[in-house]
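Asks: Would you be able to build a 3D model of this:
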Amino acid sequence: MTEVYPKKIIEIVVENASNLRINGNMQSQMIQRRMLPFFTYDFYSFSYTSAAVQSNNPHWNVRRQYEVEANPEYLQYMKNNVLKIDFIDESVDINQPGQRDYIGSARIPLIELWSKSKIDSALPFPIMDENDREAGAVAVKMAVHDAAKFVREDAFGDQTTSFVGAKRIHTQVVNKVAEKLAQAEFDDFNILLDMLFSKDRTNQNRVDRQQLCDFLITDMSVPIHVKDLELFMKTHEAICDKQLYERSELRSIFERPFKEAREAQIVREANRPQYPRATNVQRFAETGFGVSGDRANRPTNNPMNSGATFARGDT
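Replies: Here you go, the predicted model:
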């Protein structure tokens, strides 16, 4: 019999970094340059790379949740590893002499999270470069929850929905969008993307949240509640940290469900019974009305057509 292990949700929140710098860069020694940093980390079997923010004191406020089984492999990983968050400056031209883009890394022992189920320190974690020199600091929060009852507000006081509830809404939104768009009789999902991305003629490579919402609810009449769609955009892992969406991101979410819904729509239409429609001439002929019918023989309750005669004085 296969042993069933409880499921856990690991929540990692990278809020902001401060006083970022690259030690040893020739340019940074001469002037205080504005950086374009992003961060990346690997946790267990998951990985994440953030967007770049132009600032030496960037704010990301990135929240990620990862569902794992609390099996022996996971427990061993938590006891023996650290969460290593690497910071890189995207603005550096590494082809120039004396330039490098690596800022440094923060290392957070996971055994503390395993033992306390929460890391919420008021002090930021230092970012150290490869020569063990400080290169800034980062504010990070972490928590472990039981997957069956995980609610984000239990951890850090955020007024958001449960992990399980969000996943359910994700599925509902994707299915409703796919089913409605499949009724548009386009087999190519790119045609629908063209319609969406043409809404903003100043930038047809990206759309914002409001444009996506207007397109789905107003233009395409998708039967979803605005609040559900807003929650979907804020929590779906492919787009939750973004204000602008690219074609590839929306395609990764909707294209496959759209194709499946479109195929199902075609099958339903092919299997729909076809009833022959009688013409007006046929109906009139069969009932005694009109072109070929004998008007005198049609059914009537009108005594004037029943063959009865009336004297002038009887009416």
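Asks: Give me the below-cutoff pLDDT ranges for the stretch 51-200 of the chain.
Replies: 148-165 (pLDDT under 70).
Asks: Which parts of it are strands?
Replies: Counting by DSSP state E, counting those that start in this stretch, the stretch 51-200 of the chain has strands at residues 59-69, 82-89, 102-109, 118-119, 125-128, 134-146.
Asks: Would you mind telling me which of those strands is nearest residue 235?
Replies: Taking CB to CB, strand 59-69 is the member of those nearest to residue 235, at 9.0 Å. Any C-beta I mention is one placed from the backbone N, CA and C, and that applies to glycine too.
Asks: tell me which strands and helices that closest one is in contact with?
Replies: Applying 3 or more CB pairs under 8 Å, 6 or more residues apart in numbering; DSSP states H and E, one finds that strand 59-69 contacts strand 7-18, strand 46-49.
Asks: among these, which is the most enclosed?
Replies: Neighbour counts (mean count of other CB atoms under 10 Å) averaged over each of those peak at strand 7-18, with a mean of 20.
Asks: hmm, back to that, right, so of the helices and strands packed on strand 59-69, which gets closest to residue 135?
Replies: Closest to residue 135 of the helices and strands packed on strand 59-69 is strand 7-18 (CB to CB; 9.7 Å).
Asks: ok, the closest one: who's next to it in the sheet?
Replies: strand 59-69 (antiparallel), strand 134-146 (antiparallel) (DSSP bridges).
Asks: so who does the residue nearest to residue 141 when sequence neighbours are not counted touch?
Replies: Take residue 141 and drop its neighbours on the chain: the residue closest to it by CB to CB, 6 or more residues apart in numbering is residue 13, 4.2 Å away. Going by CB atoms under 8 Å, 6 or more residues apart in numbering, residue 13 touches 61, 62, 63, 64, 140, 141, 142, 156.
Asks: Compare the strands of the stretch 51-200 of the chain and report which one is nearest to residue 237.
Replies: Between the strands of the stretch 51-200 of the chain, strand 59-69 lies closest to residue 237; by CB to CB that is 7.6 Å.
Asks: Just the CA atoms of the closest one, as PDB, please.
Replies: Taking Å, rounded to 0.1, in the frame of the first residue of the first chain, the C-alpha atoms of strand 59-69 are listed here in PDB:
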ATOM      1  CA  HIS A  59      10.100  46.800  -4.300                       C
ATOM      2  CA  TRP A  60       8.800  43.500  -5.700                       C
ATOM      3  CA  ASN A  61       6.300  42.300  -3.200                       C
ATOM      4  CA  VAL A  62       6.300  38.900  -4.900                       C
ATOM      5  CA  ARG A  63       4.400  36.100  -3.200                       C
ATOM      6  CA  ARG A  64       4.600  32.500  -4.300                       C
ATOM      7  CA  GLN A  65       3.000  29.300  -3.000                       C
ATOM      8  CA  TYR A  66       4.300  25.900  -3.700                       C
ATOM      9  CA  GLU A  67       2.400  22.700  -2.800                       C
ATOM     10  CA  VAL A  68       4.600  19.700  -1.700                       C
ATOM     11  CA  GLU A  69       4.100  16.400   0.000                       C
END
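Asks: Next, residue 183: phi, psi?
Replies: Here is the backbone geometry of residue 183 (degrees, to the nearest 10): phi -80, psi -10.
Asks: so what's it up against?
Replies: residue 265 are the contacts of residue 183 under CB under 8 Å, 6+ apart.
Asks: Could you export the helices and strands packed on strand 59-69 to a markdown table, including columns for distance to residue 233 and mean pLDDT?
Replies: Shown next, in a markdown table, are the helices and strands packed on strand 59-69 (distance: least, CB to CB, whole Å; pLDDT from 0 to 100):
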| stretch | distance to residue 233 | mean pLDDT |
| --- | --- | --- |
| strand 7-18 | 19 | 92 |
| strand 46-49 | 19 | 92 |
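Asks: Which among these is found nearest to residue 82?
Replies: Residue 82 lies closest, by CB to CB, to one member of the helices and strands packed on strand 59-69: strand 7-18, at 12.8 Å.
Asks: hmm, who's touching stretch 254-261?
Replies: Counting by CB under 8 Å, 6+ apart, 174, 175, 177, 178, 179, 181, 182, 189, 192 sit against stretch 254-261.
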